[in-house]
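**Student:** Sequence and computational prediction follow.
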Amino acid sequence: EVQLVESGGGLVQPGGSLRLSCTASGFTFSEYAMHWVRLAAGKGLEWVSGADNFGGRLKYVDSVKGRFAISRDNAKNTLYLQMNNLKPEDTAVYFCVKGTHRILYGMDYWGKGTLVSVSE
């Protein structure tokens, strides 16, 4: 059974930093791309970032470029999202999502999410 468990969310002031983690199990982590997707209140799902199976190809939505960094440790079956210079508009539930291929293409299994709140 595929399981994705996110952690690291919380309340942070604007300009602050958080590091999200996603621990994966139930599949061969190193054979699949992984993604972060967020859902803000009153808005639709937004794809944030993705890493191919070896982390050699990384992609970001324009709004987080230069502030967020995705990485993965295949030996630990863990995906990360380092978020710096956080803004109120980054407030959302962040989901870890398994890709359907080694490359950045489709997505299938989702974690339950972790809440990031950016506020004074």
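**Tutor:** Structure's in. What do you need?
**Student:** any idea of the pLDDT on the residue nearest the centre of the chain?
**Tutor:** Nearest residue to the geometric centre of the chain (Cα atoms, centre = their mean): W36, 2.8 Å. Per-residue pLDDT puts W36 at 98.
**Student:** what about K112, how many neighbours?
**Tutor:** When counting by other Cβ atoms under 10 Å, one arrives at 11 neighbours for K112. (Glycine included, C-beta is placed from N, CA and C.)
**Student:** correction: V118
**Tutor:** 20.
**Student:** Would you quantify the distance from it to D62?
**Tutor:** According to Cβ to Cβ, to the nearest Å, V118 and D62 sit 18 Å apart.
**Student:** still on that earlier bit, how about the contacts made by the residue nearest to the centre of the chain?
**Tutor:** Counting by Cβ atoms under 8 Å, 6 or more residues apart in numbering, W36 makes contact with 20, 22, 47-50, 70, 79, 81, 94-97.
**Student:** Next, H101: secondary structure please.
**Tutor:** coil (DSSP: H, G, I helix; E, B strand; the rest coil).
**Student:** same thing with G42?
**Tutor:** coil.
**Student:** Quick check: the residue nearest to the centre of the chain is in a strand.
**Tutor:** Yes: according to three-state DSSP, W36 belongs to a strand.
**Student:** For it, give the beta-bridge partners.
**Tutor:** Note on W36: beta-bridge partners S49, C96, judged by DSSP bridges.
**Student:** Which of the contacts of W36 ranks first by neighbour count?
**Tutor:** When neighbours are taken as other Cβ under 10 Å, the top entry among the contacts of W36 is L79 (29 neighbours).
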